[in-house]
Every structure is written in C-alpha cells, then in structure tokens.
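> predicted model follows, preceded by the sequence.
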4 protein chains.
Amino acid sequence: MGTKPLDLVVVLGGDGTLLSAARVTAAIDVPLLGVNLGSLGFLTEVPPQSLYPMLEAIAEGRATVERRALMLCELLRGDEVRGRYFVFNDAVVNKTALARLNTYDLYIDKVFVSSYRADGMIIATPTGSTAYSLSAGGPVLMPAVSALVVTPVAPHSLTHRPLVVPDSAEIEILLRSEEEVAYLSLDGQPGLDLSDGDRVRCRRSEHKVNLFRTGSDFFQILRSKLKWGERQA
Amino acid sequence: MGTKPLDLVVVLGGDGTLLSAARVTAAIDVPLLGVNLGSLGFLTEVPPQSLYPMLEAIAEGRATVERRALMLCELLRGDEVRGRYFVFNDAVVNKTALARLNTYDLYIDKVFVSSYRADGMIIATPTGSTAYSLSAGGPVLMPAVSALVVTPVAPHSLTHRPLVVPDSAEIEILLRSEEEVAYLSLDGQPGLDLSDGDRVRCRRSEHKVNLFRTGSDFFQILRSKLKWGERQA
Amino acid sequence: MGTKPLDLVVVLGGDGTLLSAARVTAAIDVPLLGVNLGSLGFLTEVPPQSLYPMLEAIAEGRATVERRALMLCELLRGDEVRGRYFVFNDAVVNKTALARLNTYDLYIDKVFVSSYRADGMIIATPTGSTAYSLSAGGPVLMPAVSALVVTPVAPHSLTHRPLVVPDSAEIEILLRSEEEVAYLSLDGQPGLDLSDGDRVRCRRSEHKVNLFRTGSDFFQILRSKLKWGERQA
Amino acid sequence: MGTKPLDLVVVLGGDGTLLSAARVTAAIDVPLLGVNLGSLGFLTEVPPQSLYPMLEAIAEGRATVERRALMLCELLRGDEVRGRYFVFNDAVVNKTALARLNTYDLYIDKVFVSSYRADGMIIATPTGSTAYSLSAGGPVLMPAVSALVVTPVAPHSLTHRPLVVPDSAEIEILLRSEEEVAYLSLDGQPGLDLSDGDRVRCRRSEHKVNLFRTGSDFFQILRSKLKWGERQA
C-alpha cells in the first residue's frame, strides 16, 4: 500500500460485490462504502444518487462507520492447513449430487457437540445470519452480537436446532464420510472439494469490516428487505 | 413371470432395500414382506425372528396387506421424455456444488403456482413424507391420505411453505437456470443431471405397493422411530 | 326456509364474516358469494365493484361454484355431548393464562397417536390451513385435498410435526390436565372452557360450503396474500 | 444476611425450583448447588447420590462455578413502574383465551423493530433459550453468549424469525390491543394481567446466577436432554 494508505474503497454493485471487496481488503484497515446499483442490499444500502452527498459527509467527518465481524476459516486435511480464508457471511459445507446425506461432527473449542446427519452445515457471522442461514431456519443476529451461528441444512434429526456460539470460540466441523463427498463454499463462492476426515475451522478474525453507513438502521433493512411486519396471511 | 406368478417377495434389508424392491416390482401386483435386518424401519417393521410366524400368517390368510401409493415421474427435455420412473418415497431436484441457489417453477395441473429460489424441491408420497421431506420441514402424511407434498429445501423466500396437493393432480417442476446446474434424485438414488428448461413431472401411479403388515400401526412407528411424545426439553 | 329456498347468500365483509355465514348456512345447501369490503381475503376475493358483474354471471349460469370441506366438531364431557358445531377453518384447543403447558392426547379413529405437551392443538380444514395452522408451522393444503391437518402450537417435544390425516377419519383430542385449564375456540370465536378429561372430536361434515368463485385461482391468492415467490432476503 | 453471609444454597428439586431460588438469591452473590430429585435438568444436573462428594469438592475448592446471565424486567403502565423482577429463563407476554391474536411492538434501545401479530412474545436469556423459546422455534444460545433472544409465538407474518440481541441492549415490548387482553409470565410463573399500552422492558441484570457445576458440559446436556444427534427418521 506504500506510504499513502487507502482512505476509502467505494464498492459499486450488490451485496455479493461487497462481500468480495470485504475479503480482499480485510487485512488492511480501510473502510468500505457500498453503493447499490440494483435493489437495496443488506450491505450496500446507499443508492447511486446518494454517492456524492455521502462522499461529502465522509470528507467532512460526518459519516459513521460500523465495524462488522469477520471470520477467519481454515481448511485442514490431516495436519496440514490447505487454505486460510477471510469470510464475511458464511462458511458452508454441503453435500454433492452423489451424496444423500453426510455426517458432520461439530466441535466448539475442541469439545464435541454432536454428530449431524444433514445436507450441510453453515457457520455464519451476524452479517451472514440474514443470508443462507436464514433460509435454513436460522435466527437473525443483530450485527453487534458477539456471536456466530451454526445452522444445519435439512438435518435428519428433528431435534437439532441452530446453535448460537460466542465469537471467542473456535468452531470446527469434521466431515465423516466413507464414500460420499462434500464441498466447502465461502461467502457463496464456488466450492472446494472435501473428503472424509477434512475439517473446517472458523473463528473470529482480528480484523473487522468497516462499513460507512447512512442513517438507516438495521431494522429498517429487516422491514424493507425481509418484509418484517407485513401481514401475509 | 411365466405361468406361475409370484405370490410374495421377501425383502431382507432396510427401508432402502425395500424402496428398490418396490420400484422393481411396481408393474406386477405382488405383495412385499419387508424383514428388517438392522433397526426398525418405516417399511421393514418385521424383525428376522418374526419371519416364519409371519410367513405362516400369510399362508393361512391371516396377514393384512396395506396398499401404499406410488408415483410415476418423468424427466422431460423439450418435447422429449428422457426417462420414466416409479418412485415410492420422493423425487428430489437439487443444486450441485457449483450452484448456490436455483430457480424452480412449480406447476399443478399446468397452472403456475410460484417460483422458488431454493437449494432444491422435493415431491414426496405419504410414504416419503417421513423421509427427506420431513428433514426439510414438511409435514407427516398418514399413508392413507390421497395426496402428495411439495417441500422446498432451504427456500430463499421466507413465506414459502410445504404444499399438500391432491394425488389426482400432476405436479411439474421446471428448472430455470442459465449457467447453474441441478440433478434429479429418485428415492435417494444417485442423481441424473438436469439443465436449464428441464422438467420433472410426477403423478400418482395406477400401481400400488402392497406391503404385508404386522399388527403395529403407523403411529407406533412414529413414536418409536421419530420419538414422538418423548419429552426432549 | 319455507317453500322458496334461498338461491344465494351475498356476504359483505372479510374472511371472518364469511366464516360466520358459512357456519350458519351449513345445513342448507345454499351457495355463498363473498364480497370483500377490505383487503383481498382467502374466501372473499370479489371486490365491491365486481359485485354486479358477478351477480349477472351467476344469474346467467356462467359462474363456477367451488365446494369446500366443512368439519363437524363435538365437545364431549364424560358420556355427554356438550355441543356440536360446524367448523370451516379450525378447531383450536389452547391453554389459558394460568397454564404454561397442557397435555393433549391425540387419537385418530380411536387409535392413540401421541401425547403432546404444547400450548395448544389445531385441527384445520384445507381452508383453515392458511390461517392459524400456518402461523404455527403447518403446511398449506390445496382446497381439493381430502384431508385435515393437526398442528401443535409450540410443542415441547422437538420431534412433533404437523400431521395430515384423511378426512374420512375421526380426530379426537383429549385434554389431560390436573389443575390446569384450557379452552376451545372454533373459527377464532371466543373460547369455551375445557377441563381435565374433556374431548374435542372432529370429522368431515356431510355438508359443504359452496363458494362462488371468480376466475382467480388458489395460487394467485397464495402469491398475493402470502407473498409466495417474493424475494425477501 | 448479617455478619455471616451465606456460602452456598443447596437447591433440592428440579429446574423450576432452581429458577425460583435463583430469583430469590439474585441480589446476594451466593452460589447455588442444584440437586436433581427427578430426571436430569438443564440446571440441576447433580443427582442426589453425588450431593456429598460435590459438597466435599466445594469445601476443598475443587468445584467450578459457572456464572449465568440474569435479566431485570420491568412492567410499565404509562409512566409508572408497576413491578420489577429478576428473570432467569424468560419473560413471556401471551394472549388470553379471549384473544385470537395481539399486536406487539418491539423496540431495541428505543428503536422500533417491527410490529408482531402473534400469540405471544418471548424474551429469553441463554439459559432460557432451551425452554419455551425452543418450543416456539428459537435457537439454542450457549450459556456464554452475551445475548438475549426475542422469539415470537405463532407469528401471523411468515417472515418473522427469532432475533438475537446483544445483552447490553434494552428490549421493550409494547402491547397494542383495543379490547383484547394479555398477560405477562416470568420464568413460567402464573401471569400478570396486561392491557393496551402496557410495556415490558428487559435488560441484563448486574447480578449473575452462580451455579456449581459438575464435570458435564453443556453439550452433554443437549445430547442427553434434547436427544441431539439421535437419529429419529
């Protein structure tokens, strides 16, 4: 970054574009301004016509920055770390077309929680709690909650429920599968192949994603995006 | 089958084995006796030690036969029928590792119901309602209900719910996907590749699966297999 | 009704008004035309400005009538039938303010299904499946499905799921409660007090509710009322 | 408590007994030892035969104490505080027999979240997340999570989901109801009557519940009590 570090990254696109930008800039402490070119996003709430007023507000020090949690996830095979990734929304282990179900063992801080027979397992940040985890039946975590959520996808056992875990903990999913296969997908990116015995381990990153925010609060977005409170039936 | 048709097929194994036998024998009207070599199954409730008493009961005409609904499913590409299958539990269209979500259009008797953005879609018989559909949040259908159930897997829209459809109706799922891919899995068998525009169409078969039953009723199996009524919390 | 029976009842109001009219007219075979004075209803889909065109269509024999299932429910105390009611949407047994949980035993055709520790139990027709049962996690039943659905409200056991039952069956809920109390509510009307040992028994009525329908199909109403297919997240 | 404070309270009973003891002793900083006279509890995990070994371990300083979060809840009518309560599991606002649905407005730190049309609303601690909130579809919060969860019971809107809130926040539920009535129940105690405009406000208490623990971890209790990982279907 040389002698003159970045003051700001403007991200033009949707939530997916901002997820990518957040991962790329995670190690440097630069704030992001998400400008939504399509419909309102959870992360990109500024419409194009508000870009210049927003930049002025930033330049004049009137804009607020929200610090969002980021995960650091590792893929482990045996004793080897095969990859290390920043993850802003979720790490998902899912079955492939060949598998009906896989078995996933969940550990929190090295302590065994349970074996899950399921399509897949999601580890989500509060930011990711309104994405895939929500579709799989998970709760909404307010961005300020110091927690991660582990949500199974279509679990075989009817008693399994989403588990909210302190974000100081290390979450590990061990794939147990003799012939079946699975893949790991990070923030919805195309998957990495996994095989029997592979482990995915996530914990809170020391870095944060710094988002410039407009005045709209998280609940306005819930009401607008998720239609909270609209009477459906 | 020659001049002497089959009186009975004894199936030794678990529910999966019986599913296979049911599909193979669907077109001939032979009753099945499922003997469970492992733990109690939904379909194979007779333990090995009861096999001979059960055969005696059958020979003496004291055994009851339960007639279970079977689906006939077709895979259509353009105007062409690419395959036609008997299905006893469920027909599942699911995403592959490369896809995060697919779009599935549901039609009942050629009338458009809704577009689903989801991992997958399940069409299940009452027998299949206690299998994968249940894991995805579907209801339990008593075997005698003249209905099928369509259950989305991890739907993006929070308002989508399982839909119970008269089994006189034709259910069609149209895969809409530009670059993403999906596969069709029947009764949990390894999947068939699907691409954009492919349709899966299911309706009740004229054939039934005829199961010899012991005295235990469906609810005993719910209590025993699904632990209904056990106080968990 | 004398020598000149009714040809038609016009119901002005919302779904609640039509529920009342349906119960009152259940024993005579008169068709109902529901005119919605407020927002679109599941049952009252005709807007006021369409009333006269609709009446013309009816007079000219161009209107279609949909026959919807109705339940006959009885409240039993000991050997005594304390009340007999037509029910169009749902019969609900629920706890009172004093009770945290009650125990409800469910029987189908006199066969024991399970004990439920829950806030309440709902027995719903297909028409009622989009009302309270849906809020409690039940599936949507198409109006033509010959079934009823039993949905527990906030069940203590995590394995209990909604149960779809053939509408030829008799469904009975037995309240077991030493000191706690419950009440029975029919189609959302104010409740009748229940005590330990009371039973609520429902079965399909021989009568039907006959509704004049416009061209809009059930799925249009699902999309419009329940927002099926709208992308929330 | 005079000059010689309590070192320890031994609670003989079940989880309900311990909830009462926790509320009574909340303001003094005394640790509790829950001895389960019935089946294993979430809070009373020590069986009677382990009481003396446990007391020895405590006397010798070998026992560990777990500090669990407690809420302080207020019932407000107009400007008046009508009651102030320690709550260990959950504060529940629920409808009475006369009401079908109530409207509850949720505020977090005075910011409006959403209006809920529902049977009731639950505000639960992590300890309470495995009680009523779980039955209503809420997630499990590990005891160490610094959060509370707000779970609606049978919400009319299909998009409402449980909301996990930082425990530094103030959660307020405003009852809006013209003629209908509701009641407030704390830790499952018989309810207090509420009327239109009443507010229930909860926040983390400065006090903690101090529980002597045996070696068994939270996940063992999940597996044992909630049957996590047992294959039901």
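Yep, that arrived.

> could you use CA atoms for every contact and neighbour count after this?
Fine.

> roughly how far apart are the most centrally placed residue in chain A and chain C?
Note on chain A: the residue nearest the mean C-alpha position is A:Asn89, at 1.2 Å, using CA atoms, centre = their mean. Plainly put, A:Asn89 is 13 Å away from chain C if you go by CA to the nearest CA, to the nearest Å.

> that residue touches A:Ser133, doesn't it?
No. Checked against CA atoms under 8 Å, the pair A:Asn89 and A:Ser133 is beyond contact range at 9.4 Å.

> got any residues that touch both of the two?
Shared contacts of A:Asn89 and A:Ser133 (CA atoms under 8 Å, 6 or more residues apart in numbering or on different chains): A:Ala124.

> who's in contact with the residue nearest to the centre of chain A?
Counting by CA under 8 Å, 6+ apart, A:Asn89 has contacts A:Leu19, A:Leu70, A:Ala124, A:Thr125, A:Pro126, A:Thr127, A:Gly128, A:Ser129, A:Ala131, A:Leu186, A:Asp187.

> any idea how far A:Ala147 is from it?
Going from A:Asn89 to A:Ala147 by CA to CA, to the nearest Å gives 13 Å.

> overlap in contacts, those two.
A:Thr125, A:Pro126.

> coming back round to it: okay, and which of the contacts of A:Asn89 map to strands?
Among these, DSSP state E puts A:Leu70, A:Ala124, A:Leu186 in strands.

> out of the residues you listed, which is nearest to D:Leu76?
Closest approach to D:Leu76 among the ones in strands among the contacts of A:Asn89 (CA to CA): A:Ala124, at 36.5 Å.

> can you list the residues of chain A near chain D?
A:112-117, A:138-142, A:144-147, A:156-166, A:219-220, A:223, A:226-233 (CA under 8 Å from any CA of the partner chain).

> list the buried residues for stretch A:5-25?
A:8, A:11-23, A:25 (16 or more other CA atoms under 10 Å in any protein chain shown).

> quick one: is it near chain B?
No. Stretch A:5-25 lies out of reach of chain B by CA under 8 Å from any CA, never closer than 12.1 Å.

> neighbour-wise, which of the ones in strands among the contacts of A:Asn89 leads?
Taking other CA atoms under 10 Å in any protein chain shown as the neighbour criterion, A:Ala124 ranks highest of the ones in strands among the contacts of A:Asn89 with 31 neighbours.

> so where is chain A shaky, pLDDT-wise?
A:1-4, A:98-100, A:179-180, A:215, A:230-233 (pLDDT under 70).

> among the residues of chain A next to chain D, which are in helices?
A:Phe219, A:Gln220, A:Arg223 (DSSP state H).

> list just the nearest of those to chain D.
Of all those, A:Phe219 has the smallest distance to chain D: 5.2 Å, by CA to the nearest CA.

> still on that earlier bit, near chain C too, which of the contacts of A:Asn89?
Answer for the contacts of A:Asn89 near chain C (CA under 8 Å from any CA): A:Ala131.

> residues of chain A that sit close to chain B?
A:94-100, A:132, A:135-137, A:153-158, A:183, A:188, A:190-191, A:226.

> ok, A:Phe86 touching A:Cys73?
Yes. The pair A:Phe86 and A:Cys73 passes the contact test of CA under 8 Å, sitting 6.3 Å apart.

> got the contact list for A:Ala169?
Applying CA under 8 Å, 6+ apart, the residues contacting A:Ala169 are A:Ile108, A:Asp109, A:Arg203, A:Arg204.

> let me see the domain layout of chain A.
Domain segmentation of chain A under automatic domain parsing yields A:9-68+A:208-225, A:71-205.

> deepest of the ones you listed, which one?
With neighbours defined as mean count of other CA atoms under 10 Å in any protein chain shown, the domains of chain A peak in mean count at domain A:71-205, which reaches a mean of 22.

> the helices in chain A, which residues?
Under DSSP H, chain A gives helices at A:15-24, A:51-59, A:132-135, A:218-225.

> reformat the ones you listed as JSON lines; add distance to D:Val46.
JSON lines is the format used below for those (distance: least, CA to CA, whole Å):
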{"stretch": "helix A:15-24", "distance to D:Val46": "47"}
{"stretch": "helix A:51-59", "distance to D:Val46": "58"}
{"stretch": "helix A:132-135", "distance to D:Val46": "36"}
{"stretch": "helix A:218-225", "distance to D:Val46": "43"}
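
> nearest to B:Glu178 among the ones you listed would be which one?
helix A:15-24 (18.2 Å).

> what lies in contact with that closest one?
A:11-12, A:32, A:34, A:36, A:41-44, A:86-89, A:187, A:209.

> same check, this time on stretch A:178-187
A:19, A:87-96, A:98-99, A:102, A:191-196, B:97.

> does A:Gly14 touch A:Gly41 like I think?
Yes. If you go by CA under 8 Å, A:Gly14 and A:Gly41 touch, sitting 6.4 Å apart.

> still on that earlier bit, what sits against the residue nearest to the residue nearest to the centre of chain A when sequence neighbours are not counted?
What sits nearest to A:Asn89 in space, not counting adjacent residues and going by CA to CA, 6 or more residues apart in numbering or on different chains, is A:Gly128, at 3.8 Å. A:Gly128 makes contact with A:Phe88, A:Asn89, A:Asp90, according to CA under 8 Å, 6+ apart.

> state the distance from the residue nearest to the first one when sequence neighbours are not counted to A:Asn89.
Excluding the flanking residues, the one nearest A:Phe88 by CA to CA, 6+ apart is A:Leu70, at 4.9 Å. Taking CA to CA as the measure, A:Leu70 falls 8 Å from A:Asn89.

> residues shared between the contacts of those two?
Counting by CA under 8 Å, 6+ apart, the residues touching both A:Leu70 and A:Asn89 are A:Thr125.

> report the contact partners of A:Gln220.
D:Val113.

> how close does it get to A:Glu45?
In terms of CA to CA, A:Gln220 sits 11 Å off from A:Glu45.

> just A:His207 next, same as before
In terms of CA to CA, A:His207 sits 22 Å off from A:Glu45.

> that'll do, ta.
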